[in-house]
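Student: I'd like to go over a predicted model; first the sequence, then the structure.
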Amino acid sequence: MRLTILGGGGFRVPLVYGALLRDRAPGRVTHVTLHDLDPARLTAIARVLKDQAGDVPDAPEVTVTTDLDDALRGADFVFSAIRVGGLAGRAADERVALSEGVLGQETVGAGGIAYGLRTVPVAVDIARRVARLAPDAWVINFTNPAGLVTEAMAAHLGDRVIGICDSPVGLGRRVARTLGADPDLARLDYVGLNHLGWLRGLYVGEEDVLPRLFEDEALLTSFEEGKLFGAEWLRSIRSVPNEYLHYYYFNRETVAAYQQAEQTRGAFLHTQQAHFYEEMAAGEPKAWDAWDRTRAEREATYMAENREASGAGERAADDLESGGYENVALALMRAIARDEPATLILNVPNRDTLAVLDAAAVIEVPCRIDANGPRPLAVSQLTGHEAGLVTAVKAVERCVLEAAESGSARAAAKAFALHPLVDSVKVARRLLEGYRGVHPGLSYLVRP
């Protein structure tokens, strides 16, 4: 089986390759093509993968290319893990937003809109090429903002593009362990959009054990989300939010923490990863060791500003363990290629799952997946503030899609203005002008 990874020079590619190395079952991936626009990054990651494979027998063969069409031809699966504008672009997204006093995180708020506006046109081009050159391939989208990008690609690929994220998986596993349940057997009632979802039930057999969590102060404050949001708030909403909802529920504190930080998350990663790739270019003999050191530092500092704002302290050791999106991707490929049914939380078209959204809206919910693809499972319906947030953010995503398709600056400004974390139409217009000033890739936004 042949796998193509777009963004193959990206830092997290060795996580995916590690999952492939552990897969010894028949029908496994035997060839990986890495595609990237940067030959030096491709060379660096290829060296890491060579060290990583070591003496593993029959490790998947790795080839590299900067030619997108060549990378797609013959692929059975395509992982889209691109970052349009690189980490320098992410750092710019953060700076522009913070200068206006609003959040610049890469998937939430103004930063997520800016990232989407420059990513969607590229993702759509990729989808069209896949449809032409590899029509039988399945596309697994890692590219952020994951739900928005998946919806853009689905207009051209239908059900053959599936978005994934490791945040809901990690949340479900942490809560299950906290309640003494087997994470592999518990059934999750999780519902929302990518980076905007809530765990509303956790079933062991037919019993929903999640209510027990809200009655036990020690349990409720013993895991990552409990520390982030606090026991009082979780009891108030009677659900456990995805960690990214901290940007909504504690927005003022988080923006202040970002503004006071020595450097933004994007700037930190840009500097850190630039050092790693410079080491590789200089001939660092221990490629895997250099990558692993960098990875550990990256994970330990994840959402540091949010933990500072909430007083959550350092991340727990369990939360630093590997086992995230790469394992979701492997389980997804197994389910499709080998017809090994699995239940996974995925980004897929709504169909008739949530009454508050139309059929084409991509949502993030548990799905049953097999050789025929994913089918959303029944979840509890969104009501109250959850429904309000989801429908508001979906409206923002639709404005981004309209702007990307038509080149409408008016639609782009409307996306900023409608977002719950942007508090003024004037600020929205300044954000658009600021982003157009730092991102040449947004020059297409010229029409009314």
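Tutor: Sure thing, it's come through.
Student: Relative to Asn194, how far out is the residue positioned nearest the centre of the chain?
Tutor: Most central in the chain under Cα atoms, centre = their mean is Cys165, positioned 4.6 Å from the mean C-alpha point. Using Cβ to Cβ, to the nearest Å, one gets 6 Å for the distance from Cys165 to Asn194. Any C-beta I mention is one placed from the backbone N, CA and C, and that applies to glycine too.
Student: overlap in contacts of these two?
Tutor: Residues touching both Cys165 and Asn194 (Cβ atoms under 8 Å, 6 or more residues apart in numbering) are Ala146, Asn347, Glu364.
Student: Closest one of the residues you listed to Leu389?
Tutor: The closest of the shared contacts of Cys165 and Asn194 to Leu389 turns out to be Glu364 (Cβ to Cβ; 13.2 Å).
Student: three-state assignment of that closest one?
Tutor: strand (DSSP: H, G, I helix; E, B strand; the rest coil).
Student: Would you mind naming the residues that bridge with it?
Tutor: According to DSSP bridges, the residues that bridge with Glu364 are Gly192, Asn347.
Student: neighbours around it, how many?
Tutor: 28 (other Cβ atoms under 10 Å).
Student: need the strands for the chain, in chain order.
Tutor: Counting by DSSP state E, the segments of the chain that form strands are 2-6, 31-35, 61-65, 77-80, 138-141, 161-163, 187-193, 196-204, 207-208, 240-241, 342-349, 362-370, 373-376.
Student: check contacts around the residue nearest to the centre of the chain.
Tutor: Residues near Cys165 by Cβ under 8 Å, 6+ apart: Ala146, Asn194, His195, Tyr325, Val328, Ile345, Asn347, Glu364.
Student: which one is Glu61 nearest to, not counting chain neighbours?
Tutor: His31 (4.9 Å; Cβ to Cβ, 6 or more residues apart in numbering).
Student: and the one you found, bridged to which residues?
Tutor: Arg2, Glu61.
Student: got a list of what it touches?
Tutor: Met1, Arg2, Leu3, Pro60, Glu61, Val62, Thr63.
Student: just checking, the first one touches Arg28?
Tutor: Yes - with contacts counted by Cβ atoms under 8 Å, Met1 reaches Arg28, the gap being 6.6 Å.
Student: More neighbours: these two, which one.
Tutor: A side-by-side neighbour count of Met1 and Arg28, using other Cβ under 10 Å, places Arg28 first with 19 against 15.
Student: and the more buried one, how far is that from Thr65?
Tutor: 22 Å.
Student: so who does the nearest residue to Glu297 once chain neighbours are set aside touch?
Tutor: Of all residues not flanking Glu297 in the chain, Gln272 sits nearest, at 6.6 Å (Cβ to Cβ, 6+ apart). Residues near Gln272 by Cβ under 8 Å, 6+ apart: Thr294, Glu297, Arg298.
Student: list the buried ones in stretch 328-340?
Tutor: Val328, Ala329, Leu330, Ala331, Leu332, Met333, Arg334, Ala335, Ile336, Ala337 (16 or more other Cβ atoms under 10 Å).
Student: Widest-spaced pair of these?
Tutor: Using Cβ to Cβ, the pair of the buried residues of stretch 328-340 lying farthest apart is Val328 and Ala337, separated by 14.9 Å.
Student: Select only the buried ones of the contacts of Gln272 in PyMOL?
Tutor: Command for PyMOL that selects the buried part of the contacts of Gln272, burial taken from 16+ other Cβ under 10 Å:
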select buried, resi 294+298
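Student: can I have stretch 173-192 written out in CSV, keeping just the CAs?
Tutor: Output in CSV follows, covering the C-alpha atoms of stretch 173-192 (Å, rounded to 0.1, in the frame of the first residue of the first chain):
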residue,chain,number,x,y,z
ARG,A,173,-8.8,8.9,27.1
ARG,A,174,-7.9,11.2,30.0
VAL,A,175,-11.5,11.4,31.3
ALA,A,176,-11.9,7.6,31.0
ARG,A,177,-8.7,6.9,32.9
THR,A,178,-9.8,9.4,35.6
LEU,A,179,-13.1,7.6,36.0
GLY,A,180,-11.4,4.2,36.1
ALA,A,181,-12.8,3.1,32.8
ASP,A,182,-10.9,1.4,30.0
PRO,A,183,-10.3,4.1,27.3
ASP,A,184,-10.4,1.5,24.6
LEU,A,185,-13.9,0.3,25.6
ALA,A,186,-15.6,3.4,26.7
ARG,A,187,-18.1,5.0,24.3
LEU,A,188,-17.8,8.8,23.9
ASP,A,189,-20.7,11.2,23.4
TYR,A,190,-18.5,13.9,21.9
VAL,A,191,-19.9,16.6,19.6
GLY,A,192,-19.0,19.9,17.9
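Student: which residues touch that stretch?
Tutor: Contacts of stretch 173-192 (Cβ under 8 Å, 6+ apart): 168, 171-172, 197-204, 208-210, 212-213, 219, 222-226, 240, 242, 318-319, 343, 345, 354, 363-366, 379-380, 382, 386, 390.
Student: are any of these buried, and which?
Tutor: By 16+ other Cβ under 10 Å, the contacts of stretch 173-192 give 168, 171-172, 197-202, 204, 209-210, 213, 219, 223-226, 240, 242, 319, 345, 354, 363-366, 379, 382, 386, 390 as buried.
Student: Kindly state the domain boundaries assigned to this protein.
Tutor: Here the domain assignment for the chain is 2-163, 168-249, 253-306, based on automatic domain parsing.
Student: Which parts of the stretch 1-150 of the chain are helices?
Tutor: Assigned helices in the stretch 1-150 of the chain, in chain order: 13-22, 39-53, 68-72, 86-99, 109-133, 146-157 (criterion: DSSP state H, counting those that start in this stretch).
Student: Which of the ones you listed sits closest to Gly434?
Tutor: That would be helix 86-99 among the helices of the stretch 1-150 of the chain, by Cβ to Cβ, at 4.1 Å.
Student: Please consider this matter closed, and thank you.
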